[in-house]
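> Quick one, fold the following:
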Amino acid sequence: MLLLLFLLAGSLLTPARAQEKGYEYVVTLKSGVTLRGQFIKKDINGFITLKNPEKGILTINPDEVSFMQREEIPANAEFALQNTTADGTFGLQLSPGLMIGMTDQTETGFQFQGVAFLRLNENFALGAGFGIERANHATWLPAFGQLRLDLDALSEAPFFAINVGYAGLVQENSYHDRGGLMAAAELGVKFPLASENVFFISATYRYQQARLEQFLYSLENPVSVGSEIYPPTYTTFDQTINYHFMVVSIGIIF
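Sure thing, here's the model as predicted:
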């Protein structure tokens, strides 16, 4: 899974670097005026915000829009125009969630996660995340990489994210001795707010490995039988435990 994640990320980065082109949004008003710039947001009332390198921030009433489209900026365009693209935009996502056990041995819990990401283009982003979770009599600290796909940057739209990493244990107990591989696939819908932030709700399939390692002693002390002395003996017990959760989350993207 890690290999597929990095291969996909590399395939997305390579074409963007090769052509060295960005994108801008071109809005034609009913009055005949054309406005161009980087898309910033679309609020709940439909107002569109663009950033133009010369005119600054432009807020456009949707009732005045005749036509809008995304256009590729030529590689030989002026430097300021090339930078009117969403490529290279950093973001931060914070989200609490309810972890619902999907099997008999998986108990309900909760999580809180934060993800910092870098947008590669209008649709794709790569990120790194960290969280804290409480489930199955243990506290987990997952750290992971994320590949994110936004289907539409302009309005309310679904998104998809894949997380792969490792979750360690804060405390040990009779159920686990150490953490293990974690992976998650998230599907959600985002809703632009009146501010530049975005609210979202999502459902995630969450997989978690854990390890149980114990020494089972058959003889704790040396035993003498006649002239023979039998030393202590033990058996190593090593088991992989698999947990499956459905996580329902709400959150905000800054």
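
> Now do stretch 28-42: distance from first to last residue.
16 Å (Cα to Cα, to the nearest Å).

> Contacts only, for the residue nearest to residue 249 when sequence neighbours are not counted.
Of all residues not flanking residue 249 in the chain, residue 97 sits nearest, at 3.5 Å (Cβ to Cβ, 6 or more residues apart in numbering). Placement of C-beta: from N, CA and C, glycine included. Shown in contact with residue 97 (Cβ atoms under 8 Å, 6 or more residues apart in numbering): 110-113, 204, 247-250.

> please redo it, this time with the cut-off set to 10 Å
For residue 97, the contact set (Cβ atoms under 10 Å, 6 or more residues apart in numbering) comprises 109-113, 131, 133, 186, 202-204, 206, 245-251.

> Show me which of the residues you listed are buried.
109, 111, 113, 131, 133, 186, 202, 204, 206, 245-247, 249, 251 (16 or more other Cβ atoms under 10 Å).

> Find the helix or strand that the residue nearest the centre of the chain is a member of.
Centroid check for the chain by Cα atoms, centre = their mean gives residue 146 as the closest residue, at 4.4 Å. Per DSSP states H and E, residue 146 falls inside strand 138-150.

> Look at the residue nearest to residue 180 when sequence neighbours are not counted and tell me its secondary structure.
Distances taken as Cβ to Cβ, 6+ apart place residue 209 nearest to residue 180, at 3.1 Å, with adjacent residues excluded. Of the three states, residue 209 takes strand according to DSSP: H, G, I helix; E, B strand; the rest coil.

> Return the distance of residue 209 relative to residue 166.
9 Å (Cβ to Cβ, to the nearest Å).

> These two: who's more crowded?
Taking neighbours as other Cβ atoms under 10 Å, residue 209 and residue 166 compare with residue 209 leading, 17 against 13.

> quick one: the more buried one from residue 200, how far?
Taken as Cβ to Cβ, the span from residue 209 to residue 200 is 27 Å.

> Looking at the buried ones among the contacts of residue 97, which are in strands?
Under the assignment DSSP state E, those contribute 109, 111, 113, 131, 133, 186, 202, 204, 206, 245-247, 249, 251 to strands.

> what's near enough to touch the residue nearest to residue 180?
Taking Cβ under 10 Å, 6+ apart, one finds 166-167, 176, 178-183, 240-243 in contact with residue 209.

> any chance of those in JSON lines, with distance to residue 102 and pLDDT too?
Shown next, in JSON lines, are those (distance: Cβ to Cβ, whole Å; pLDDT from 0 to 100):
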{"residue": "166", "distance to residue 102": "21", "pLDDT": "96"}
{"residue": "167", "distance to residue 102": "17", "pLDDT": "94"}
{"residue": "176", "distance to residue 102": "18", "pLDDT": "64"}
{"residue": "178", "distance to residue 102": "22", "pLDDT": "80"}
{"residue": "179", "distance to residue 102": "19", "pLDDT": "85"}
{"residue": "180", "distance to residue 102": "17", "pLDDT": "90"}
{"residue": "181", "distance to residue 102": "17", "pLDDT": "94"}
{"residue": "182", "distance to residue 102": "15", "pLDDT": "95"}
{"residue": "183", "distance to residue 102": "14", "pLDDT": "96"}
{"residue": "240", "distance to residue 102": "17", "pLDDT": "83"}
{"residue": "241", "distance to residue 102": "14", "pLDDT": "84"}
{"residue": "242", "distance to residue 102": "11", "pLDDT": "89"}
{"residue": "243", "distance to residue 102": "9", "pLDDT": "90"}
